[in-house]
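1. Sequence below, structure please.
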Amino acid sequence: MKTGNQIENFKQLKYELTRFMMIYKFALEEIETKIEILKQEFQMLHDYSPIEHTKSRIKSPESIMNKMLRKNSELSLPAVRSSIKDIAGLRITCSFISDIYQVSEMLQKQDDLKVLQIKDYIKNPKPNGYQSLHLLVEVPVFLSDCTEMVCVEVQIRTIAMDFWASLEHKIFYKYSQSVPEHLTRELKNAALKANELDLQMERLHREIKEIKDAQADEEVLEFQRIMINNQQFNLPANFMKLLGE
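-> Got it, this is the predicted structure:
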């Protein structure tokens, strides 16, 4: 039978754990809102968004505890907070490699976000072929009695990178981390092919943009031409500005 002190201690522990997990949930919601605003802004102004979709997750208390045990770390909430930086995670999927760096740059320009670390696994892939851009950012969470700076891991990758990483994870999970050597080689080869596809699509994307930009320039020139008695006249470059005045 539990004593009064034990019950009170249990209530206090439950309260602290709930609050601990809650601030990570709020931090994730805060950065998801930022991403959604950027996505809508680009869609409305440019009829295009570099962000395809997002996926978020928060590690469970059990997963956090297991990770702390593997690290041989102290089992306390302050120790967890300082030791584990990916309790809250957000994955952003983009169409093109250039989109990844554009989204990263937009996040880094957010005044209330503090970038703690950037790991570029695109320019420097992991030995198994994994590619992605990882950012550790601190997000302010405004509570009723204080402001908490909470760490969130943001992973930004292309559709091809995400497809490869998801399947690689499933294969490793199925084999309990012990994957036959020939499958490891094939997975790395698949990662190289995924990268080739990304680079090809990037080239196509750039060429299409150049064509659209050229068409836009031609439309501007067309506006500056008038026909009078079958004779063409080119208007001065600042003519539209004069009309506006």
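2. now the strands for the chain?
-> 51-58, 88-94, 114-120, 133-142, 147-158, 225-228, 231-234 (DSSP state E).
3. I'd like to know which of those strands lies nearest to Met65.
-> strand 51-58 (14.1 Å; C-beta to C-beta). (C-beta placed from N, C-alpha, C; glycine too.)
4. mind listing what that closest one pairs with, with the direction of each?
-> As defined by DSSP bridges, the strand partners of strand 51-58 come to strand 88-94 (antiparallel).
5. what's the burial count for the nearest residue to Gln117 once chain neighbours are set aside?
-> Among residues not flanking Gln117 along the chain, Leu136 sits closest, at 4.2 Å (C-beta to C-beta, 6 or more residues apart in numbering). Leu136 sits with 16 neighbouring residues when counted by other C-beta atoms under 10 Å.
6. residue ranges with poor pLDDT in this protein?
-> Scanning the chain for pLDDT under 70 picks out 1-4, 174-177, 214-245.
7. related to what we said a few turns ago, save the strands of the chain as JSON lines, and put in distance to Leu167 too.
-> Converted to JSON lines, those look like this (distance: least, C-beta to C-beta, whole Å):
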{"stretch": "strand 51-58", "distance to Leu167": "16"}
{"stretch": "strand 88-94", "distance to Leu167": "15"}
{"stretch": "strand 114-120", "distance to Leu167": "22"}
{"stretch": "strand 133-142", "distance to Leu167": "19"}
{"stretch": "strand 147-158", "distance to Leu167": "13"}
{"stretch": "strand 225-228", "distance to Leu167": "55"}
{"stretch": "strand 231-234", "distance to Leu167": "57"}
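8. Now do the residue nearest to Gln117 against Ser166, distance only.
-> 22 Å (C-beta to C-beta, to the nearest Å).
9. Glu32 too?
-> On the measure of C-beta to C-beta, Glu32 and Ser166 end up 20 Å apart.
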